[in-house]
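> Test case, fold it:
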Amino acid sequence: NQLELEKMIQDEEVLVVKIKGKVEGVLLFENIGVKSYARALCIDEEYRNNVLGYVLLVGYLNRHREGTNLFYLWVDSENKEVLGLHNKLGYKEDGLVEYIFVGWGD
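Next comes the predicted model:
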């Protein structure tokens, strides 16, 4: 939701790649204690088979190496392209599939 996104921007929990002044990739994440959750990785269609996803994820990991004990990524189990990228970076599947996170409250 909009408030959640605004908070992520305020808390600097957003990584952006611009090419020629245009946003071509965005990674949204959330830090909670010693855990960090990569919430959304969005790459412009023109650059999806390029290295932008890799650059954003490596930048995210490097930025959080100190002080973070656990990294979590949520990905559609059918998204083989992203699953391959996660495997290259050393992520392991935990067996949780088809889980939808729902927020509630104000």
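> Now do the strands in the protein.
Taking DSSP state E, the strands of the chain run over residues 14-19, 22-32, 35-43, 70-73.
> Poorly predicted segments of the protein, please.
Judged by pLDDT under 70, the chain has its weakly predicted residues at 86, 94-106.
> at 50 instead, please
Where the chain drops to pLDDT under 50, the residues are 102-106.
> Is the spatially most central residue of the chain bridged to anything, and to what?
The residue lying closest to the centre of the chain (Cα atoms, centre = their mean) is residue 38, at 3.3 Å. Taking DSSP bridges as the rule, residue 38 bridges to residue 29, residue 73.
> And it, how close does it get to residue 15?
Distance of residue 38 to residue 15, computed by Cβ to Cβ, to the nearest Å: 10 Å. Heads up, the C-betas are built off the backbone N, CA and C, glycines and all.
> so what's the residue nearest to the centre of the chain up against?
Under the criterion of Cβ atoms under 8 Å, 6 or more residues apart in numbering, the contact list for residue 38 reads 27-29, 57, 60, 71-74.
> Dump the residues you listed to a markdown table, plus distance to residue 1.
A markdown table is the format used below for the contacts of residue 38 (distance: Cβ to Cβ, whole Å):
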| residue | distance to residue 1 |
| --- | --- |
| 27 | 18 |
| 28 | 12 |
| 29 | 16 |
| 57 | 24 |
| 60 | 22 |
| 71 | 24 |
| 72 | 20 |
| 73 | 21 |
| 74 | 17 |
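> Need the buried ones from these selected in ChimeraX.
To isolate the buried ones among the contacts of residue 38 in ChimeraX, judged by 16 or more other Cβ atoms under 10 Å, type:
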select :27,28,29,57,60,71,73
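> which neighbours do residue 38 and residue 15 share?
With Cβ under 8 Å, 6+ apart as the test, residue 38 and residue 15 both reach 27, 29, 60.
> Closest one of those residues to residue 3?
residue 29 (16.9 Å; Cβ to Cβ).
> measure that closest one to residue 56 for me?
Residue 29 is 10 Å from residue 56, where distance means Cβ to Cβ.
> what's the overlap in contacts for those two?
Counting by Cβ under 8 Å, 6+ apart, the residues touching both residue 29 and residue 56 are residue 15.
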